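**Student:** Using only what follows, build the 3D model:
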Amino acid sequence: QVQLVESGGGLVRAGVSLRLSCAVSGRTFGSYSMGWFRQAPGKEREFVATILMSGNTYYADSVKGRFTISRDNAKNTVYLQMNSLKPEDTAVYYCAAKGLLSVATMTTIDGYDYWGQGTQVTVSS
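**Tutor:** Numbering: from 1, shown residues only. A predicted model of the protein is given here:
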């Protein structure tokens, strides 16, 4: 069983940076593609970014150029570096994992098998 634990959320002012981490249990972290999603109050969970086993990355248009997803296979951890934060980035951020991620479904919730419990990010104006 794969377990994901997010950390690094908090309350910050607009314009600053924050880095989220997601620690993944298990010995096969390198064989998983990893994604970040977020869910704002009253809204559906939405795709933020994904990093494939190959290291290729994909981003939602709303975060492209501001957020960077990366992974450290030696530490079984995936990161989300968030720069120039905006109030509209306020949400609970979730990491997710999939063994064989399809490009066709990598931006969808159904594309992933494992989820963390989420970490709250609040950006004040």
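**Student:** Please, where are all the strands along the chain?
**Tutor:** Remark: strands assigned in the chain by DSSP state E are 4-7, 10-13, 18-24, 33-39, 46-51, 57-59, 67-72, 77-82, 91-98, 114-115, 119-124.
**Student:** Against S7, how distant is the residue nearest to the spatial centre of the chain?
**Tutor:** Against the mean C-alpha coordinate of the chain, by CA atoms, centre = their mean, the closest residue is W36 at 2.0 Å. Noted for W36: a distance of 13 Å to S7, by CB to CB, to the nearest Å. Where C-beta positions appear, they are placed from N, C-alpha and C, glycine not excepted.
**Student:** tell me the contacts of Q117?
**Tutor:** Q117 makes contacts with V5, E6, Y94, as judged by CB atoms under 8 Å, 6 or more residues apart in numbering.
**Student:** For the residue lying closest to Y59 once chain neighbours are set aside, give the beta-bridge partners.
**Tutor:** The shortest distance from Y59 to any non-neighbouring residue, by CB to CB, 6 or more residues apart in numbering, is to A49 (4.8 Å). Judged by DSSP bridges, the bridge partners of A49 are W36, Y59.
**Student:** surely A49 meets I69?
**Tutor:** Yes: look at A49 against I69 with CB atoms under 8 Å: they come within range, at 4.1 Å.
**Student:** coming back round to it: can you lay out the strands of the chain as TSV showing mean pLDDT and distance to T108?
**Tutor:** What follows is the strands of the chain, written out as TSV (pLDDT from 0 to 100; distance: least, CB to CB, whole Å):
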stretch	mean pLDDT	distance to T108
strand 4-7	97	17
strand 10-13	98	28
strand 18-24	98	19
strand 33-39	97	10
strand 46-51	98	7
strand 57-59	96	12
strand 67-72	97	17
strand 77-82	98	18
strand 91-98	97	10
strand 114-115	96	13
strand 119-124	98	21
